[in-house]
Structure formats: C-alpha cells, structure tokens
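> Here is my input, please return the structure:
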Amino acid sequence: MSASFAPALSAAREAASHQHYPQGALFVVATPIGNLADITLRALHVLALVDAVACEDTRHTQQLLRAYGIERPGAQLLAVHQHNEAEAAGAVIDHLRKGLRIAYVSDAGTPAVSDPGARLVAAVRAAGLPVVPLPGASSIITLLSAAGMTQEGGFVFAGFLPTKAAERERAVLLLAAEPRAVVLLEAPHRIEALAGALAALGERPVTFGRELTKQFEDIVTLPAMDGPAWLAGDANRLRGEFVVVLHGASVAADAGDDQRVLKLLLAELPLKTAVKLAAEITGSSKNTLYDAALALKKSADGAKNS
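Predicted structure coming up:
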C-alpha cells in the first residue's frame, strides 16, 4: 500500500463503515480526474467493501485500486464499457440478484455523464434493483467553478461536438443561440478544430481547461476569437484532455453584434429561423432583424450576380 494513502483508507473505514450499504445494489462511484488525492472517504470504503467492481477498463481500475491499497483479483473486476455495456449489464444484474454489491467506475470522474455507465444504470433500475450514487470529482463542475461566470440562468452540458467540420460548425452556430453557459469536452487531437469553430463567436468569453487537477493544469478565459492563437502559442497546450466553457451570451448587444450574429446564422439556416435565433441571442427586435436579414440577402444575391 502506498504510505500516503494508508491513513486515508483507515479513515475511510472509520468515517463510512457505520453507514448502510444495501446488498444487491449498484454503487456508482466517482473517481479522481487526475489527482489521486481527490478520492472521497466514502468512495474508498465502498471500493474496498463491494463484492466486485464493474469498470470501463479493468487494467486501469486495478492500477487505481492498488494505488489506494485495495487489492482485488481479476475475477472481481468486470469489464463494462461502451462496446459491451448492454450485454454486460445483464451479467451485472445477475450478480445483483444474488445479493452481491457491485461498484461501477469509469476511467475518471463521475460515471454515466459523457462516459459509459448510463445504460448499465438504466438496466439496473429497469430490473427494480437499487442504484446508489457516490458523488465526487467531475471535470464539468471543476471547470465551471473556476470559470468565473457572472451570468444568471445556469448552464447546459453539450459534451463532445460532431467530429466532421461542417457538422461541428453548424453545432456551434446553434450553440450561439443558447443564452446559458455551455460546457463542452474535447480530445487533444481535435481541440484546434473546436477552437477554430468557436472563434466565429467573436468576443464571447470561452474558458479552456486542460489537464484539470494535474501538475500541468492550465485554465484560461479569453474571447472566442482568440482561442486558436492561444493554442498555437505553446505546443504543450495541445496535450491532455480539455473541458471548455462557452460563457453565457450577454442579454444586450450592440448593432454590430446584431449584424455579426445574423450573418453567421444566415450562412447556415433559413432566413426566418436565423432571424428568430438572432433575436433570442441579441435581444433585438425580430422586425428589425428581419429587415436587416432581407438587406443582407439582397446584398449577397447582388454580389453573386455581378
């Protein structure tokens, strides 16, 4: 056992062992997103207590458990990932019906949120068996807490945008109509493409979070249009998993913003739809935007015919 976590495991038993852990229950356990010290005492106790651990990657999870001083034979680690989740859920339910306690962990963070686990949870609930969530680390909430958003209205979680360029750009245009903050996830090999698509949103603030909770954590907030340049400024910024927060849109916008938003939407959407969304984003009059859209369309048609 790692000396640094021996006291934590002992403290976990002392703090959490008196609580009720029903037999035949699935325990959905959040694990650290990078910093091993972010594990909760309750999570440590449950991971040591259960009869088996279902997990996204058995080798990764075995290494995680060993880091905390929890030894489990391979037979007590059940592979449940995105490629076998529906089938594997049946095996987990069979174990639960025998009265066994099963924990489920993803590779990092809170399972079933843009990670495998949702289908397993749904199947267990459909079978009439209990699901017990153990809260903990989440990259989504971690970056939101450090983004410094001042707009009211909450946030929405969009996860990963489409990988194809045209579909991604269209998705960004639709997000432009969302007045609330939007949380996105992205892999390092696609972050430049995402930043390029978000740049179309101009001055709207974006917070990039890279390698959250790890030694080389990087968090920066800047105008969306400056995202590509920031990434290009240091090759190390292209390493590690990203969480991105698109801050909520301002309630009021000036005439220049109206025109910019309208042009972006008209490039991808029918005129009436573009006007409706532009009005929601900017707070401007639909009639005024409709007249502006007609003028833009007429100007564009004239340029094509000249």
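
> Next, count neighbours for Gly227.
23 (other CB atoms under 10 Å). Where you see a C-beta, it was placed from the backbone N, CA and C, and this is true even at glycine.

> Work out for me the element it sits within.
helix 227-232 (DSSP states H and E).

> which other helices and strands contact that helix?
helix 191-198, strand 205-210 (3 or more CB pairs under 8 Å, 6 or more residues apart in numbering; DSSP states H and E).

> most tightly surrounded among the ones you listed?
Compared across the helices and strands packed on helix 227-232, strand 205-210 shows the largest average neighbour count, a mean of 24 (mean count of other CB atoms under 10 Å).

> any residues touching the helix holding Gly227, and which ones?
Here helix 227-232 makes contact (CB atoms under 8 Å, 6 or more residues apart in numbering) with Ile191, Glu192, Ala195, Gly196, Leu198, Ala199, Val206, Phe208, Val220, Leu222, Arg237, Leu238.

> which element follows it toward the C-terminus?
Past helix 227-232, the next helix or strand by DSSP H and E is strand 242-246.

> relative to strand 205-210, how tilted is that following strand?
170 degrees (axes from the mean of the first three to the mean of the last three CA atoms, to 10 degrees).

> Show me what strand 242-246 is packed up against.
helix 139-147, strand 181-186, helix 191-198, strand 205-210.

> Including mean pLDDT and distance to Gly233, could those go into CSV?
Converted to CSV, those look like this (pLDDT from 0 to 100; distance: least, CB to CB, whole Å):
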stretch, mean pLDDT, distance to Gly233
helix 139-147, 96, 20
strand 181-186, 96, 18
helix 191-198, 96, 12
strand 205-210, 97, 12
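
> Give me the pLDDT for Asp257.
On the pLDDT scale, Asp257 is placed at 68.

> In the stretch 1-150 of the chain, where is pLDDT below threshold?
By pLDDT under 70, the low-scoring segments of the stretch 1-150 of the chain are 1-3.

> coming back round to it: tell me which of the contacts of helix 227-232 is nearest to Gln19?
Of all these, Gln19 sits closest to Phe208, with 38.8 Å by CB to CB.

> Show me what that closest one is bridged to.
Beta-bridge partners for Phe208, by DSSP bridges, are Val220, Val244.
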